[in-house]
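Visitor: here is a sequence with its predicted model. Questions after.
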Amino acid sequence: DRQQLRLVSPAAPETGPLFFARAIAPPMTTQNADVFDPLRRAQEALRSGGFRTASDIAEKLSLIPELPHVVRVPLGQLLSQSLDGGALRRVLAHPGFFADAPAQRLAEAGVMLSGVGAHREAEAALDAAVAKEPGNVAAQYFRGTLAMFAGEKAVALERLERSIAIDNGFAQSHWVRAMVGGDEGRGARVDRIRAGLSRAAPGYDGEIYFGYALFNELHDAGDSAGAWAALTAAARAKRARLHYDPAAQVALFDALCQTVAGETPVALSEEPPPFQPVVIVGMHRSGTTLLEALLGSQPEITDGGESYAFSVEWKYLLDRHWRGVLTADAVQALRGRSLASAARRYFRRNRPRAAGAPLMTEKLPSNALNLGLIAAAIPGARFLHVVRDPVETCFSNFRTLFSEACPHSYDLAELAAFQRGHATMMAHWRRAF
């Protein structure tokens with residue numbers, strides 16, 4: 001589940017969800033003012049909530065044939081917000097950039113490329129970073145993480161152990177290494193994790209990642225009491241870092257459950273769409289990944305993976321920016337509005353992902369929140385709701401360290417309340433659609 005990944009600078013524990021993904025202000029030069037000025041306008045527009053303005057400027061900049069390399073990472077950050085995979089590849093998977101950029105920037109590029117599913121290009125960026133600076137802990141760590149998800153266990157172990165050797169205090173490496181597992185050497189791994197946890201500053205990311213690493217190792221070792229103690233402590237530390245508002249979540253569920261079929265005009269296309277999305281929804285950890293893998297094995301279905309593509313289209317339509325999939329205010333603002341332009345833009349931007357297949361899966365569990373809007377925007381969309389035993393689902397959520405997803409999952413009472421609200425919402429969607 002790629003939403004589990006969160007890369008942060010060891011030198012700056014408050015860094016956001018993408019490694020080093022801060023708003024970078026490149027040095028101004030007279031020769032490149034035609035690039036730097038619009039880039040800064042786009043950054044300022046996004047900070048003030050102008051999602052459409054920022055997206056349009058970023059897309060135009062991505063078409064410039066020879067961009068200065070210094071602007072490629074900050075431009076990539078803007079394109080990552082709008083999930084513009086094609087533009088992101090043009091900007092970051094560039095031979096000249098790979099040749100000239102320092103290792104740190106290439107590591108950032110690898111994170112962003114992986115975020116839009118460009119895993120081959122991400123590996124190339126990270127391999128270039130490691131070749132330039134073998135001691136770059138971030139490049140080694142993320143390259144190992146990509147290898148883990150690709151099932152390349154030997155490569156993952158080599159890279160992760162290398163990153164730990166470079167900086168034993170880089171807690172994320174211990175966390176992913178614990179997920180890779182293996183009985184051999186577990187005692188030594190537990191000892192070094194405990195040592196790192198004892199040195200971690202309370203309230204920062206190190207405490208969280210070392211805590212979840214300890215939980216994973218002790219759980220695999222069969223130490224249930226020790227694993228539970230490590231998990232509950234790590235979950236408390238993670239919850240303390242989040243700005244999750246349970247009342248806002250209730251308000252969103254309520255707003256969605258007030259939605260009725262036909263309230264938002266159905267977007268009828270004059271031309272047949274290039275593909276139809278198969279939207280797989282459910283609670284996180286309910287089995288959506290397994291279902292997508294089964295469907296993706298069929299020749300007529302492309303495995304589209306997890307994407308916030310629908311939420312991006314609502315943001316673009318409203319010219320607003322918000323965290324997460326959807327908000328109650330956005331639901332109200334979209335009520336009664338035509339979503340035809342959003343549907344056209346979705347198909348234009350995501351057609352390459354479908355790779356010519358008539359069907360493409362969209363497997364973001366949180367698209368359950370978007371279900372009513374998707375049904376109105378794309379009448380041909382199909383929805384599959386995966387249901388697992390609620391206790392098993394909730395415990396699987398509680399034991400998982402996510403990135404920005406599932407902020408409700410680190411407190412058992414909040415998790416149970418979310419599960420009940422989610423079940424009520426899905427029952428409403430079944431009645432309405």
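Guide: Received, thanks. Residues are numbered from 1 along each chain as shown.

Visitor: so which elements touch the helix or strand where Ala230 lies?
Guide: Element membership for Ala230, per DSSP states H and E: helix 224-241. Under the contact criterion of 3 or more C-beta pairs under 8 Å, 6 or more residues apart in numbering; DSSP states H and E, helix 224-241 touches helix 205-220. Just so you know, the C-beta spots here come from the backbone N, C-alpha and C atoms, and that holds for glycine as well.

Visitor: where along the chain do the strands fall?
Guide: 276-281, 301-302, 359-362, 382-385 (DSSP state E).

Visitor: where does pLDDT dip in this protein?
Guide: Across the chain, the ranges flagged by pLDDT under 70 are 1-31, 261-270.

Visitor: touching stretch 158-178 from outside, list them.
Guide: 6-8, 10, 135-137, 140-141, 143-145, 147-148, 156-157, 180, 189, 192-193, 196, 199-200, 205-206, 208-210, 212-214, 216-217, 220, 401 (C-beta atoms under 8 Å, 6 or more residues apart in numbering).

Visitor: ok, 6 Å please
Guide: Stretch 158-178 has contacts (C-beta atoms under 6 Å, 6 or more residues apart in numbering) with 10, 135, 137, 140-141, 143-145, 193, 206, 209-210, 212-213, 216-217.

Visitor: just the endpoints, please. Distance across it?
Guide: 13 Å (C-alpha to C-alpha, to the nearest Å).

Visitor: what about that stretch, distance to the chain center?
Guide: Relative to its parent chain, stretch 158-178 has a centroid offset of 21 Å by C-alpha atoms, centre = their mean, to the nearest Å.

Visitor: flag every buried residue along it.
Guide: 159-164, 166-167, 170-178 (16 or more other C-beta atoms under 10 Å).

Visitor: go on, stretch 403-417?
Guide: So, applying 16+ other C-beta under 10 Å, buried residues of stretch 403-417: Ala405, Cys406, Pro407, His408, Ser409, Tyr410, Asp411, Glu414, Leu415, Ala417.

Visitor: so who does the second one touch?
Guide: Going back to what we said before, that points to Cys406. His284.

Visitor: look up how far Leu369 lies from it.
Guide: 13 Å (C-beta to C-beta, to the nearest Å).

Visitor: and what of Arg348?
Guide: Taking C-beta to C-beta, one finds Arg348 at 23 Å from Leu369.

Visitor: just want to know which of these two has more residues nearby.
Guide: Between Arg348 and Leu369, counted using other C-beta atoms under 10 Å, the more crowded position is Leu369 (24 against 10).

Visitor: distance check, the more buried one against Phe347.
Guide: From Leu369 over to Phe347 (counting by C-beta to C-beta), the distance is 21 Å.

Visitor: among the buried residues of stretch 158-178, which are in helices?
Guide: 159-164, 166, 171-178 (DSSP state H).

Visitor: which pair of the residues you listed spans the longest distance?
Guide: With distances taken as C-beta to C-beta, the most widely separated pair in these is Ile166 and Ala178, at 17.8 Å.

Visitor: overlap in contacts of Cys406 and Leu369?
Guide: By C-beta under 6 Å, 6+ apart, no residue touches both Cys406 and Leu369.

Visitor: name the residues of the lengthiest helix in the chain that are buried.
Guide: Identified as the longest helix of the chain according to DSSP H is helix 412-432. Buried residues in helix 412-432, defined by neighbour count with 16+ other C-beta under 10 Å: Glu414, Leu415, Ala417, Phe418, Gln419, Gly421, His422, Met425, Met426, His428, Trp429, Ala432.

Visitor: in a markdown table: those, plus distance to Ser114.
Guide: Listed next are the buried residues of helix 412-432 as a markdown table, based on distance: C-beta to C-beta, whole Å:
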| residue | distance to Ser114 |
| --- | --- |
| Glu414 | 30 |
| Leu415 | 28 |
| Ala417 | 33 |
| Phe418 | 28 |
| Gln419 | 30 |
| Gly421 | 31 |
| His422 | 28 |
| Met425 | 31 |
| Met426 | 30 |
| His428 | 35 |
| Trp429 | 31 |
| Ala432 | 36 |
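
Visitor: out of these, which comes closest to Leu326?
Guide: Comparing every one of the buried residues of helix 412-432 with Leu326 (C-beta to C-beta), the shortest separation belongs to Met425, at 11.3 Å.

Visitor: is it true that that closest one touches Asp254?
Guide: No. The pair Met425 / Asp254 is not scored as a contact, 9.3 Å apart, by C-beta atoms under 6 Å.

Visitor: hang on, Ala107 packs against Gln140?
Guide: No. Ala107 lies out of contact with Gln140 (C-beta under 6 Å); the separation is 9.1 Å.

Visitor: common neighbours of the two, please.
Guide: Common contacts of Ala107 and Gln140 (C-beta under 6 Å, 6+ apart): none found.

Visitor: using PDB, list the CA coordinates for stretch 399-417.
Guide: The C-alpha coordinates for stretch 399-417 follow below in PDB (Å, rounded to 0.1, in the frame of the first residue of the first chain):
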ATOM      1  CA  ARG A 399      -1.400  -1.600  13.100                       C
ATOM      2  CA  THR A 400      -0.500   0.200   9.800                       C
ATOM      3  CA  LEU A 401       1.600   3.400   9.600                       C
ATOM      4  CA  PHE A 402       0.100   5.500   6.800                       C
ATOM      5  CA  SER A 403       1.300   8.700   5.400                       C
ATOM      6  CA  GLU A 404      -1.400  11.300   5.000                       C
ATOM      7  CA  ALA A 405      -4.200   8.700   4.600                       C
ATOM      8  CA  CYS A 406      -6.300   7.400   7.500                       C
ATOM      9  CA  PRO A 407      -5.700  10.000  10.200                       C
ATOM     10  CA  HIS A 408      -8.600   8.400  12.100                       C
ATOM     11  CA  SER A 409      -6.700   5.100  12.400                       C
ATOM     12  CA  TYR A 410      -4.400   5.800  15.400                       C
ATOM     13  CA  ASP A 411      -7.000   6.000  18.100                       C
ATOM     14  CA  LEU A 412      -9.300   3.100  18.600                       C
ATOM     15  CA  ALA A 413     -12.400   5.100  19.500                       C
ATOM     16  CA  GLU A 414     -11.900   7.400  16.500                       C
ATOM     17  CA  LEU A 415     -11.300   4.400  14.200                       C
ATOM     18  CA  ALA A 416     -14.500   2.700  15.300                       C
ATOM     19  CA  ALA A 417     -16.500   5.900  14.800                       C
END
